[in-house]
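Q: this is the structure alone, sequence omitted:
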């Protein structure tokens with residue numbers, strides 16, 4: 001199983017089979033005894049061939065606040081529509097989304113939400129445990145090996161995350177090239193959700209959470225839309241024949 005890029009330079013494509021090269025003499029400093037793998041594999045030398053028949057999953061995260069994204073709308077000529085929002089610092093809603101795909105199976109969208117109330121000293125982003133809880137939930141749902149592709153966020157490549165990945169034999173992780181959001185179909189999910197929330201000012205954080213959940217639930221019942229997001233990246237899932 002490999003991921004190839006259609007119409008994009010090969011150097012930017014997330015191709016598990018081509019760029020991975022292992023060097024056995026020097027183990028990874030953060031994980032003693034494990035093989036150092038180049039090309040972004042956090043699986044510590046796990047073979048992608050073992051994940052054949054499993055799901056390829058793309059993950060990304062986004063943040064939402066009570067200040068809505070701006071969008072085009074109708075208005076009377078000469079009168080610019082104005083949306084009144086509060087200038088005070090408000091809470092934040094963090095969302096981690098994951099698209100799971102496999103040839104011959106229905107494309108799935110899973111997500112995990114966490115609210116962060118306003119205040120100094122409070123965390124305003126998801127932790128490693130939040131991300132791995134999402135992956136564990138997807139594994140329980142699909143009951144198959146997972147090849148996870150995500151960006152180089154600090155919580156994705158931390159020592160704690162490396163330990164979580166090493167504990168899961170069914171999980172193989174690859175990193176996307178730096179500055180390549182166009183290769184992640186979950187970015188299209190966020191664009192779709194934020195476009196539906198344009199110019200919509202909410203007064204409470206729990207109301208915002210309800211709206212985001214509603215938009216994501218609609219997409220869960222539209223697998224063809226999710227397939228369109230994947231096609232928009234130019235990536236295609238190829239299953240090589242046996243030699």
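A: Alright, I've got the coordinates. Since this is a predicted model, take the numbers as computed values, not measurements. Numbers count the residues shown, from 1 in each chain.

Q: contacting residues for the residue nearest the centre of the chain?
A: In the chain, the residue lying closest to the centroid (Cα atoms, centre = their mean) is residue 59, at 1.7 Å. Listed by Cβ atoms under 8 Å, 6 or more residues apart in numbering, the contact set of residue 59 reads 96, 97, 98, 131, 134, 135, 148, 149, 150, 186. No exception for glycine: its C-beta is placed from N, CA and C like everyone else's.

Q: mean confidence for the strand or helix carrying it?
A: Under the criterion of DSSP states H and E, residue 59 resides in strand 55-64. Mean pLDDT, computed over strand 55-64, is 94.

Q: in the chain, which residue sits furthest out from the middle?
A: Outermost residue of the chain (Cα atoms, centre = their mean): residue 78, 41.8 Å.

Q: and that one, what pLDDT?
A: The model's pLDDT for residue 78 equals 85.

Q: separation between it and residue 110?
A: From residue 78 across to residue 110, the span is 47 Å (Cβ to Cβ, to the nearest Å).

Q: give the buried residues for stretch 182-190.
A: Within stretch 182-190, the residues that count as buried by 16 or more other Cβ atoms under 10 Å are 183, 184, 185, 186, 187, 188, 189, 190.

Q: and which of those residues is nearest to residue 66?
A: Nearest to residue 66 among the buried residues of stretch 182-190, counting by Cβ to Cβ, is residue 190 at 17.0 Å.

Q: contacts only, for that closest one.
A: 60, 62, 97.

Q: same list (the residues you listed) but as TSV, adding neighbour count and distance to residue 122.
A: Listed next are the contacts of residue 190 as TSV, based on neighbours: other Cβ atoms under 10 Å; distance: Cβ to Cβ, whole Å:
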residue	neighbour count	distance to residue 122
60	22	23
62	18	19
97	24	23
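
Q: can you pick the most crowded of the contacts of residue 59?
A: Neighbour counts for these (other Cβ atoms under 10 Å) peak at residue 186, which has 28 neighbours.

Q: contacts only, for it.
A: 58, 59, 60, 97, 98, 99, 229.

Q: for residue 139, state which of those residues is nearest.
A: residue 98 (10.8 Å).

Q: continuing past the helix or strand containing that closest one, what's the next helix or strand?
A: Assigned by DSSP H and E, residue 98 belongs to strand 92-101. Elements were assigned by DSSP H and E; along the chain past strand 92-101, the next helix or strand is strand 108-116.

Q: now that following strand: average pLDDT?
A: 93.

Q: which outside residues touch it?
A: Contacts of strand 108-116 (Cβ under 8 Å, 6+ apart): 91-101, 122-126, 130, 133-134, 137-138, 141-142, 189, 205-206, 209, 212-213, 216, 219-220, 223, 226.

Q: please pick the buried ones from those residues.
A: 91-101, 126, 130, 134, 138, 142, 189, 205, 209, 212, 216, 219, 226.

Q: looking at the one helix or strand residue 190 maps to now, give me its mean pLDDT.
A: Using DSSP H and E, residue 190 sits within helix 186-196. Helix 186-196 shows a mean pLDDT of 93.

Q: for residue 56, grab the count of nearby residues.
A: Residues near residue 56, counting by other Cβ under 10 Å: 24.

Q: in the sheet, who's paired with it?
A: residue 101, residue 147 (DSSP bridges).
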